[in-house]
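In: all I have is the shape, not the residue letters:
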């Protein structure tokens, strides 16, 4: 059973920082594209950042310069360091994985976690 589990969510004031983690099990993590998506109430799920198996990264324009995605293949883990958080970053954050493709399109990703909530107050 392939599984990804997020952790690290919580509440923070604007300008603060949080670090999300995604623990993966059941597959060869290092070969997968990994991504973070988020979904605010009443809105579409959107990509925040992704990191391919070769370490290349992409970010949504709204988080560039504030968020950093990283992976530790030895520990089968994915992280998202979020700095200078803003109220508009409030959302449920999801970890996603796919063995073949690495895009911003959420329908591509085969495996999803349950999500972790981030709330940023002004």
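Out: Right, received. Where do you want to start? All values derive from a computational prediction rather than experimental measurement. Numbering: from 1, shown residues only.
In: below-threshold pLDDT in the chain: ranges please.
Out: The model of the chain has pLDDT under 70 over residues 1.
In: spatially central residue in it, please.
Out: Nearest to the mean C-alpha position of the chain, counting by C-alpha atoms, centre = their mean, stands residue 36 at 2.1 Å.
In: run through the neighbouring helices and strands of the host helix or strand of that residue.
Out: In this assignment (DSSP states H and E), residue 36 forms part of strand 33-39. The helices and strands touching strand 33-39, judged by 3 or more C-beta pairs under 8 Å, 6 or more residues apart in numbering; DSSP states H and E, are strand 18-25, strand 46-51, strand 67-72, strand 77-82, strand 91-98. To be clear about C-beta, it is placed using only N, CA and C from the backbone, and glycine gets the same treatment.
In: can you tell me who the closest residue to residue 85 other than its chain neighbours pairs with across the strands?
Out: Nearest non-adjacent residue to residue 85, counting by C-beta to C-beta, 6 or more residues apart in numbering: residue 120, 4.6 Å away. Bridge pairing for residue 120 (DSSP bridges) gives the partners residue 12.
In: list the contacts for residue 120?
Out: Shown in contact with residue 120 (C-beta atoms under 8 Å, 6 or more residues apart in numbering): 11, 12, 13, 14, 16, 85, 86, 87, 88, 89, 90.
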